[in-house]
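Novice: Quick one, what's the 3D model for this:
(chains A, B, C, D and E, ligands or ions: 4)
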Amino acid sequence: MAPLLNISDLKVTFHADRTVVHAVNGVDLCVDAGRAVAIVGESGSGKSTVMMAVMRLLGRRAHVSGRIEWDGQDLLALPERAMRQIRGRAMGMIFQNPSSYLNPTKTIGEQMIEPVLFHRIASASAARRQAVQLLEQVGIPDPEQRLRLYPFELSGGQLQRVMIAMALMTRPKLLIADEPTTALDVTVQAEVLVLLKRLQRELGMALVFITHDLAVAAQVAEEIYVMYGGFILEHLPAAELTQRKAHPYLRGLLGSIPRLDGPRTPLPFIPGQPLDTARGLPEGCVFADRCAHRMSRCAQRPPMIHVGSGHRAACWLAEEEVTQVWP
Amino acid sequence: MLRFVAQRVGYMIISFFLVSIITFWLMKAAPGSFLELNLTVGGVNAAAQSINVSPELMRALVAQYHLDAPWYVQYWSYVWGFLTLHFGYSMEFPTTPTLQLIARTFPVSFSIAILSVALAVVVSIAAGVMAAIREHSWLDASTMFVATLGTAIPAYVVAVLLALVFGVWLHWLPVIGFQGPRYYVLPVLSLAIPMIGSLSRYMRNSIIQSLHAEYIVAVYAKGGGLRDAILRHALKNSLIPLVTVVGPHIAGLMMGTVLIESMFGLPGMGQVFATAASRRDYPLIMDSTLLYSVVIMLMNLLVDLLYGILDPRIRKRGYAEGR
Amino acid sequence: MAMTRPRQATELARMENLVKVFRTPKGSLVACDHISLRLEQGTSLGLVGESGSGKTTLVRILLMLERPTSGRVWLNGVEVTRLSERRLKPHRRLIQFVAQDPYSSLFPNLTVGQNIMEPLRVHKVGRAQERMQRAMELMERVGLSTYHFYAYPHELSGGQQQRVAIARALALSPQAVVLDEAVSSLDVSVQAQILNLLQQLKDEMGLTYLFISHNLAVIRLLCEMTAVMYMGRIVEYGKTDDVLHSPSHPYTRSLIASIPSFTDRGVTPLPDLSSLAGERPSPLRLPPGCAYQTRCPLVSERCRAERPELREVASGQCVACHHA
Amino acid sequence: LPVTAAASADDKTSFAMYIIDDGHGFDPGIISWEAYQDSIGIFEGLVKPGPKGPRPGIAVSWTHSKDYKTWTFHLRKNAKFSNGDPVTAQCFVYSWQRAYSPSTAVRDGGSSALTNEVPVVNGAAIRAGEKLPQSLGVKALDDYTFQVKLERPDPNLIRDLTLPTEIWSAPLDPKVHMFKNDWMQADKIVSDGPYMLKSYTPKTQAVLVPNPYYYGKVNLKQIVFLYSASQNALLAYKSGQLDAALLQSTDIPAVKADPSLSKDLHFFPTSVQYTLQIAPSQNTTLQNPLVRKALMMAIDRKTIAEKVLQGAAVPAYEYFCPTWLDPWITQGAVPYDPAQARKLLAQAGFPNGKGFPTLVIRVPQVGQPDVVAQAVQQMWENNLHINVKYDGEEAGQFYSTIGQQLPANEVGVVQSSGNFKYPQLLLPQSLDQYLGTQYHSLYWGYLPPDVYQQVHQLDTNQSLDPTVRAKKEAALYKKYLPKNVLDWINTGVKAYQTNDDNLMKEFYLKHEQNVFEFPIYTPLEPVLIRSDVKGYTPNDFLLTVPPIWLNDITRQ
Amino acid sequence: MAVVVLVALCAGWLAPYDYQQSDFMATYQGPSWRHWLGTDGLGRDMLSRIIWALRSACIVGFGAEVVELTVGVLIGAWAGYKGGWIDNLLMRFVDSVYALPSLLFSIILVVILGHGLWVILIAVSATSWVGMARIVRSQALTIRQMGYIDAARSMGASTFTIIRRYILPNAMGPVVVAITFGIPGNMMTEAGLSLIGLGIEPPTPDLGTLISEGQQAMFSYPYLLLGPAVVFALTLLGFTFLGDGIRDAFDTKARS
Ligand SMILES: Nc1ncnc2c1ncn2[C@@H]1O[C@H](COP(=O)(O)OP(=O)(O)OP(=O)(O)O)[C@@H](O)[C@H]1O
Ligand SMILES: Nc1ncnc2c1ncn2[C@@H]1O[C@H](COP(=O)(O)OP(=O)(O)OP(=O)(O)O)[C@@H](O)[C@H]1O
Ligand SMILES: [Mg+2]
Ligand SMILES: [Mg+2]
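Specialist: Ligands and ions are numbered 1, 2, ... in the order given. Model prediction:
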C-alpha cells in the first residue's frame, strides 16, 4: 500500500536579507494511513518547517524543493487552488499556541465552522451542529454555549481541544499537531494526549505529532523521527526508544531528561550549542562538533543506515553496529 | 458594558469639570476679561462701556455670571448655566440666544466633520486593503506615495485646488455659500483628502500586520484564501487600531473646520467661534469651548464603545486597564 | 548531598496565613488562600501545582513584589509585611529571584555585564572596577565566557540568558534564590546543564532554593522538601521523596501519573481517562469545601461541605484531604 | 453636465454680491464699519444717495430756515413699510429718538449710530444721559411733515443724511416692538426700502426680495449677499456664483492678465486711511519736529501704493481727509526724499541714524502680517539707518495695550486708521470733548512722559466714571499741551460752531504740524462687476459695499 | 531630513540674501538667476525667506517636541508605572486636556500671552503632549509587566531609578516614532496658527505665513505658493518617511 504522505529529499531555505537559513536539508519522511508519527528535536531543528512545507504555508520567503507526495500527487507541483482543496480538508493542522492561532475577535463557533465553509461541504447551520457534536467529543461540556464564546474566555487546555475539534471538522485523513501540548500543564497535557490518541484511533486518521519531549512522543506515536539542524538523524519505532538508539544525539537527549526514578547525580548532557542553520551547513555530520564519539569519518555526511526493521540512523557508528550485530 | 459606560461617564464628568476650570481660569486671566470687571465703583454702565457692550447686556452678564461675587460663584454660575442650557450671552451676537446660535451652526460643522471622517475612513479602508493585498507592488507603492503626499498638503491648499477644479474649470459645484447638499461636497472633500492620506497608510500597515498574525496562518491551514483571510479576519482586526487614530482625528476636525468654513462661507460653528475668539467674545468662547469639549469627550466615548464592539476582549473583560 | 549535610536550621523566610485576593472586573480571585510556609537555610523547597494555582503569586509576595491581602511575611526574622520600599531594601539582598523567561527578566537595554552588575550598583556595593571584577567572576562561575560581557541579552541563547539571570541573582551573595520555572522553557540538554549548575551552586555556596516547577522530576533533583498547590491552597507538603513515592493527596497522585517520563521499563503509559475526568472550577467561584472535589475520584459529602485543613499524616508529610 | 445652481451670472433678474463681513445685522441703529447692508436698499431715509448727489427719499421736498438750524421735510403720502403700515412723520420721530437714547443706542456688539454727526438740539445731552429722549429737537408737525431743529447751523445736512452711516435716520414702524432683540430676523424685520430681507444666515448669506409695498419701481427680483473669506472672491466670481466681488490686492495682476476679467475690474475709492500714530514713550525723541519730518520723508508712499499694494491704493497725505475729495489737502504733503530725511535726522542730532532709539512699529494683527508696516520698517531702516522693529499683536491685545508707555530706549508708532468722508464731520465740537475722549492719542506725544503716565492711569482706571475720567483727562491736556496746539484745536472748534470753510481748511492744513502721525495710504477697492450690471455708484465711504443704492442696479 | 535640519541650522550661511532685505525695485519677480524662487511683494528673496522659514519651522517643530517630550514622558511614565489612583488622577487630567479644542486653546494662549516664539512653542505643545503622555503611559504599562521590572524591584531599586533606568530606555521605540511624526505635526500646527495670524513675528519668515501669503497671490504669482508649499510638503514627507523607517526598524527588532 502506498503511504499517505511521502516526503523525499525535502529542502527548505529561508532567504532573509543577506542571510540564508537552511531550515530543512533533505528530509525523507513517510506517513502511512492511520499511523501516528512523531517528529522530535530541539528548538529550531526544523520540525515545524517540514510540516508547514507539506501544507505549503511557508510564505514567499521560503524556497522549497524536493518531493511531497500526497495520495500519489506531488503537492509542490499543485496549483494554489488545488492545494487549497487539500488544506484543511484532507489535512488538518493544530498548533502549539492555540490562543494566537485563533482570531481573538471572533467567536470560536465562527472559526470552527470555517473549514466546512471554505470547502463548501455543508451549510453553516449544519456545520454548527457538527461543531457542537465535535466539541462534545473532545470533552468540552456545554458545547452550544461555548461556541458563542471568544478564545480568551477559555483556558489553554480547552482552546487546544477547540483547535483539535476544528481540525476534525472535515474528517481529515491526516492531522498534523505541532507541539499541541507544550504550553499546557502536565495534567492537561495528559488529557489532551489521551484525547488525541483516542480520536486518532477512532477516526483512523494518520497523525504527525511534533514535539520536543521524547517521552510524550513515545507515549503518542508509533514511529519517531529525530531531527537535528534540518536533518533527520534517526527514524525508529517508538517501542525501541529505550532499547536501541543508534545515534549519539538521541542517546544524549534521552540521558539529559531528568527521571522520576534515576539517581540524583548531575545529569549527562550534550555539550555545545545546537546547530545554527543560518550560519551555513557543515560538510560532514551535522552533529559532529557536539558528538562524544566523533571520528575522522564524520567529516563525511553519513547516510540513513538501516539498523533494524523500521529503524534507520544517520551515523557511521550505526553502520558499525549493524555490521557487528547483523553481520 | 454598562459598567464601562458608567465608569467612562464618570470620567467624563471629572474631565468636564477640569476642562471648565481650565477655560474659566484662562478666561479670567485674559487681559481685559469681563470676569475681572470691577462693578462696585463705576457701576454697570461704566463696566459696559469699558468692554463696549450695551448696559442691558452688561446687566444680563452680571446676572448670569454673578460678576459681583467671588470667583467660585462665578465659576459655578458658568458651569451651571452650561449644564442647564442657559448659556451665557454673546457680546458679538447678543440678539441671538447663544443656544440658538449653536443650535443653528453646530449641526453644519458637525455634519461636515462627520461626513469627512466617514468618507476618509471608507476610502482609506478600500485603499489600504488594495495596497495591502498587493504589498510591495507598484500599485502599493504608488497608492502609498499619493497617500503620503495627501498628508503633506494642508487642507486649505486642497480646498483652493478643489474649488479651482470643480468650481471654476468644470462648473460642477458651488464654491461659496450654503444652500443644500451640493454645498457640502467641496468642504467635505477638502477635509477628507488629507485625512485619507494618513488613514490609508495606517490602514495598509495595520492590515499587513494583521495578515502576518498567526491566526491568519490558521485560516490558510483551514483551506481559506487571501479573500477569506482579509474579509473574514484581517479587516475587522485592523479596524481596531484604526479606531485609535480616527478618534483624535475627529477631535482635531471639530476645530479644523474653522478654516474650511471661512473659505467656503459655510454657516458653521467654526466661524462663530473664530469670530468669538478674534472679537474676544468671552462668554461665547467659554460656552463653545465647553461644548466642543463635551462633543470631543462624547466622540471619545463613542470611539471607546466602538472598540468594545470591534474587540470582544475589551467588551467582555469589562474594559479593564489601560489602552 | 545537601540533605545529609548537618546544618543548623536557621529560618530564612516565613509566611503566615498569607491571603492574596485579586480584584478583577468579574469578581475577586483568591490567588493564595491561607498559606503558611517556612524556608529554612539548607532545605530547598519545591513548589508544584498547575497553572494558575498561585505559585508565582506566592513567591511574589515572599519577594515583596506584591503586598498580601492579609497574613504576614518575615525575612531573616524581621517582619517585612508593611515595610516601605526604602526600609525593605536591605532585606532584599538576602533572597534573589530568577524568573521563567530569562529574556524578559534581563534589562534589554543593558549589556550582560551591566545586567550582572546592576544589583551591586543599586546597593552601592564597591567601586566600578570591583563590580566589574565581581561580574567577571560570576560569569565564569555560571559557565559563561567573559567574552559575552559586552553582548546584549538578545544576542544570547536561552540557556545563556538563564545563566546571566542566575549570575545576576548571585551578585549580592544571597542566602536563598527563588527560581520560578527557571528551566521550563529550555530544551532538555540545556535544561540539564542549568540543573547541573544549580545543583553545583547549591552544594558549593550553600544556597537554598525555592524552586517552582511543573515537573516533579526536576524538583526531585534540587529540593529536599516539596509543597503541592492547588487553586491557591497547599494540598500536600513533605519530603520530596515521600511526596513522590507515597503521594497522599489525590491531586498529587494524578499529577504524578500525568508526567510523561522514562523509567527503566520504558516510557510511562498515558494515564487512563477516568483518572483525568472532571472539570476545573473557575478560580473566581471556588466551591465550598475542598477545591479538588470536582475532579477527585474519592469525593464524598464531607469534601463538598468542609474544607480540609493541612494536617500531618506521616512524619513530616502534611496533606489537606479528608481521605488521606 | 449639470450646471451649478449658482449661475447667477446668467440670471438677469438677480444679482449676487460678495461681502466679507456682515457686521451686526440689519438694525439701522447700529453702526458696523465693515458693512452697511441696510443703507443699500432695505431702509430708506428722508433722502437717499444718487449718482449726482442726494435725491428725495421718503421726503419729497424740504425747506430750511435762513440760519440752517431748522429743517422741515415734507413726506410722500404713499410710502409704506414692508408690512403695509404707512410711513409717517411719527415714524421718524420714533426712530430718531431711539437712535439718540443711550438705553437703546448701544446694542449688539456694534457701536451705536453716529448721531453726533447731526447736531440735533439736545442730542449730545441725551446721549450723555443728561436729558430725556423726548426732548430731542425733532417734531412731527403733522402726519407727513417732519421737522428737525439743530444746535448749530448745518448747510450740509442733506448731504450728510445720505451717508451710509446715517441710516439710523430711516423711519421705523412704531408698532413693531424693536426692543425685543429678535426683530432683525428675516421673518420679523419691518423696513421701508425697495428691498426687504427674505432670508438671512449670519456670516453666510442674505437674500433680498422686492418690498411689495414700496412706492416705486423695483428693478431686480432677487439680490443675494454671500459672505466669505476674500481669498475665495476671485474663484467665486469666475465660477459664476457672483456678479460683483471684492478682490484682494494680490489678485489684481491675475485679473489684469485675463482679458475676460480685466474689463470687469474697477477700482473704487474709499475714505479709509492707513496711518502710523506715534506711541507714547518715555523717550522724547519723536517730540522733535525735525525727527518726525525725517521719518515722514523716508517713507516712499508711492512705491507702497503701486508696488506693494499692486495699485490698490493711493498715497495718503492727510489723516482725516481723502485726497480725491478735497484737493487742497495735498498742499501740506511731505514728499519722499531720503537724502533730505537723513539731513534732517543729522540736524536733530542723529547723524546717519547713530544714537537713535529703537523704533517699534506696533501693528494689530488680524490674519496675515501687515505687509505695509513691514515695508515702512524696511524703508526707515534702509533710508535712515536706524533700528526698526516690527511688533505685531493680536488685535485685542493690541487695543488693550495701545496706551502703554514705551521704555526710555524705545520710541514707537502704532498702526491706526480712520474712516471719514467729509472734513466737517470731524471738527472738534468743543475743546473738552476733543481732548477728553476721542482723539487724544494724537496729542499724547506732547505730554511730558510723567504726565502721560497720569493720563494713562486715568485711562485704565476701571473704577472711574467715564464722564469724570474724560473731564480729568481734558484738564491734564489743557494744562500741559503747548499753547499753539490748544489754539489750533480752538480754531477747529470755531470752525465747527460757525461752519466756516476757511477756518476748517486752516485747521486741517495745520494738522500735519500739530499731530503725531504719519499718513501712508488710502486703499482703493479692486472690484469685479459683470459688465451687464448697470446703475451702481461706487460707495467711497465704506470698505466693502460697492454699489451704493441697490434699486438703481439693473442688468441688461 | 538631515538636509532640512542642516539647511535650518546653516540658514545664515546658505541664504543668498538677508531674509528681510527688501528691494522695492524688484517686487513680485518671477524665478530668475538672481532670485531662484523669485521675490515677494516687498522684493524680498523667496529662497532666503524659505530657508529661514525652515529654520523657524525646525525651531518650533523640535522645540515644541522637546516640551512635549518632557511633560509627556514625565506624566506618562509616572502614571503608567505607578498605576492606581495616581494613574487615574493623571489620566483624568490628560483626558481633560485631550478634550480641549486644541486650536482654540492655542488661540486663547496666544491671545493671553501675546506673540513670541515661546508662546508659540507652548501653544503648539500645550495640547499635543497628551499624545506623548498616552504613548509613554501605555508603554510603561506594558513594561511594568516585564520580568526585568520585577527583577529591579526585587533588587531594591527606587521608583525613580526604575523609571529612569529601565522603563524610559525601553519605552523609547514608539516614543521615537511619535517624535518623528510629532515634529512635522507641530510644524503643521504652527503653520495653522500663522494662517490665522498667530504665528511667528514678521519679518522673520515662517512657512505657514509664506504659504498662506502665497495662497493669496496664487492666481497672480503662483511661484509664491509653489516654493514654500513644495518645501513644506517635502519636509513633512521627509519626516513621515523617517518615521516610517524608524517604525519599521523597531518593528523588525521587535519581531526578531
Ligand atoms: N519564516 C522564516 N524565516 C526565516 N527563518 C525561519 C522562518 N521559519 C523558521 N525559520 C528558521 O528555520 C529553522 C527551523 O525552524 P522551525 O520552526 O521549523 O523549528 P522547530 O523545530 O519547529 O522549532 P521549535 O521547537 O522552536 O518550534 C529555525 O532556525 C528558524 O529560525
Ligand atoms: N495581577 C493579577 N491580577 C489579577 N489576577 C491575577 C494577578 N496575578 C495573578 N492572578 C491570578 O491569580 C491566579 C494565580 O496566578 P499565579 O501566576 O500565581 O499562578 P501560577 O501558579 O504561577 O501559574 P503558572 O504555572 O501559570 O505560572 C491566577 O488565576 C491568575 O490569573
Ligand atoms: Mg516549531
Ligand atoms: Mg507562574
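Novice: CA atoms for contacts and neighbours, from now on please.
Specialist: Fine.
Novice: So which residues of the chain form helices?
Specialist: By default, I'm working from chain A. Taking DSSP state H, the helices of chain A run over residues A:47-55, A:80-86, A:98-101, A:108-112, A:114-118, A:124-137, A:143-147, A:156-168, A:186-203, A:214-220, A:248-255, A:316-325.
Novice: look at chain E instead
Specialist: Taking DSSP H to define them, one finds helices in chain E at E:2-9, E:11-14, E:46-82, E:84-99, E:102-113, E:117-144, E:147-155, E:159-161, E:168-195, E:207-216, E:222-255.
Novice: so which of these comes closest to chain C?
Specialist: helix E:147-155 (3.8 Å; C-alpha to the nearest C-alpha).
Novice: now check that closest one, is it near chain C?
Specialist: Yes - Helix E:147-155 lies within reach of chain C by C-alpha under 8 Å from any C-alpha of the partner chain, at E:147-155.
Novice: who in chain B is up against chain A?
Specialist: Checking chain B against chain A by C-alpha under 8 Å from any C-alpha, the hits are B:213-218, B:220-225, B:233, B:236-237, B:310-313.
Novice: so where's the stretch 151-300 of chain D shaky on pLDDT?
Specialist: D:177-182, D:228-231 (pLDDT under 70).
Novice: Report the closest residue of it relative to chain A.
Specialist: D:T204 (47.2 Å).
Novice: do the stretch 101-250 of chain E as well
Specialist: For the stretch 101-250 of chain E, C-alpha to the nearest C-alpha, closest residue to chain A: E:A249, 13.4 Å.
Novice: Against D:K69, how distant is that residue?
Specialist: 88 Å (C-alpha to C-alpha, to the nearest Å).
Novice: which of the two has more neighbours?
Specialist: Legend: neighbour count by other C-alpha atoms under 10 Å in any protein chain shown for E:A249 and D:K69, higher for D:K69 (19 against 13).
Novice: Okay, now the unreliable bits of chain C?
Specialist: Using pLDDT under 70, chain C drops low at C:1-9, C:273-276.
Novice: got the residue ranges for the strands in it?
Specialist: Under the criterion DSSP state E, strands of chain C are mapped to C:11-24, C:27-40, C:45-49, C:70-75, C:78-79, C:95-98, C:176-180, C:208-212, C:225-230, C:233-239, C:262-263, C:266-267, C:311-314, C:317-319.
Novice: if we can go back for a sec, show me which of the residues of helix E:147-155 next to chain C neighbour chain A.
Specialist: Near chain A, by the rule C-alpha under 8 Å from any C-alpha, you find none of the residues of helix E:147-155 next to chain C.
Novice: Please name the nearest non-neighbouring residue to residue 193.
Specialist: No chain was given, so I picked chain A. Among residues not flanking A:L193 along the chain, A:V220 sits closest, at 7.0 Å (C-alpha to C-alpha, 6 or more residues apart in numbering or on different chains).
Novice: Can you look at chain E instead?
Specialist: Spatially, and ignoring its direct neighbours in sequence, E:L193 is nearest to E:G199 (5.3 Å; C-alpha to C-alpha, 6+ apart).
Novice: Hmm, E:A191 and the one you found touching each other?
Specialist: Yes - between E:G199 and E:A191 there is a contact under C-alpha atoms under 8 Å: 7.2 Å.
Novice: The two: which has the busier surroundings?
Specialist: E:G199 (28 against 25).
Novice: Quick check: the gap between that one and ligand 2.
Specialist: Look at E:G199 and ligand 2: by C-alpha to the nearest ligand atom, to the nearest Å, they are 49 Å apart.
Novice: How much space separates that residue from B:G167?
Specialist: Distance from E:G199 to B:G167, by C-alpha to C-alpha: 31 Å.
Novice: Please apply the same query to D:I31.
Specialist: Shown here: D:I31 relative to B:G167, a distance of 35 Å by C-alpha to C-alpha.
Novice: likewise C:L58?
Specialist: According to C-alpha to C-alpha, C:L58 stands 72 Å off from B:G167.
Novice: Over to D:D243?
Specialist: Per C-alpha to C-alpha, D:D243 is found 15 Å from B:G167.
Novice: and what of C:A314?
Specialist: 95 Å.
Novice: again with C:L298
Specialist: 86 Å.
Novice: Who has more neighbours out of those two?
Specialist: B:G167 (25 against 11).
Novice: Would you mind listing what in chain A touches chain B?
Specialist: A:55, A:57, A:84-89, A:92-93, A:100-106, A:114-115, A:118-119, A:150, A:152, A:167.
Novice: What's the local residue count around D:P351?
Specialist: Residues near D:P351, counting by other C-alpha under 10 Å: 16.
Novice: what's the spacing between it and chain A?
Specialist: 72 Å (C-alpha to the nearest C-alpha, to the nearest Å).
Novice: quick one, what contacts that residue?
Specialist: D:342-343, D:345 (C-alpha atoms under 8 Å, 6 or more residues apart in numbering or on different chains).
Novice: Out of these, which end up buried?
Specialist: The neighbour-count test (16 or more other C-alpha atoms under 10 Å in any protein chain shown) marks D:342-343, D:345 as buried among the contacts of D:P351.
Novice: Please tell me how far the residue nearest to D:L197 when sequence neighbours are not counted sits from D:L226.
Specialist: Sequence neighbours aside, D:L208 is the residue nearest to D:L197 in space, at 4.7 Å (criterion: C-alpha to C-alpha, 6+ apart). Separation of D:L208 from D:L226 (C-alpha to C-alpha): 12 Å.
Novice: ok, now B:A147?
Specialist: B:A147 is 34 Å from D:L226, by C-alpha to C-alpha.
Novice: Those two: which has the busier surroundings?
Specialist: D:L226 (29 against 24).
Novice: Tell me where the model's unsure across chain A.
Specialist: Judged by pLDDT under 70, chain A has its weakly predicted residues at A:1, A:321-327.
Novice: The stretch 201-323 of chain B: helices as residue ranges?
Specialist: Using DSSP state H, counting those that start in this stretch, the helices assigned to the stretch 201-323 of chain B run over residues B:214-221, B:226-228, B:235-264, B:269-278, B:282-310, B:312-316.
Novice: Return the mean pLDDT over the third one, rounded to an integer.
Specialist: By that I understand helix B:235-264. For helix B:235-264, mean pLDDT is 76.
Novice: if we can go back for a sec, so, if you compare the contacts of D:P351, which one comes nearest to chain A?
Specialist: Nearest to chain A among these, with distances taken as C-alpha to the nearest C-alpha, is D:R342, at 72.0 Å.
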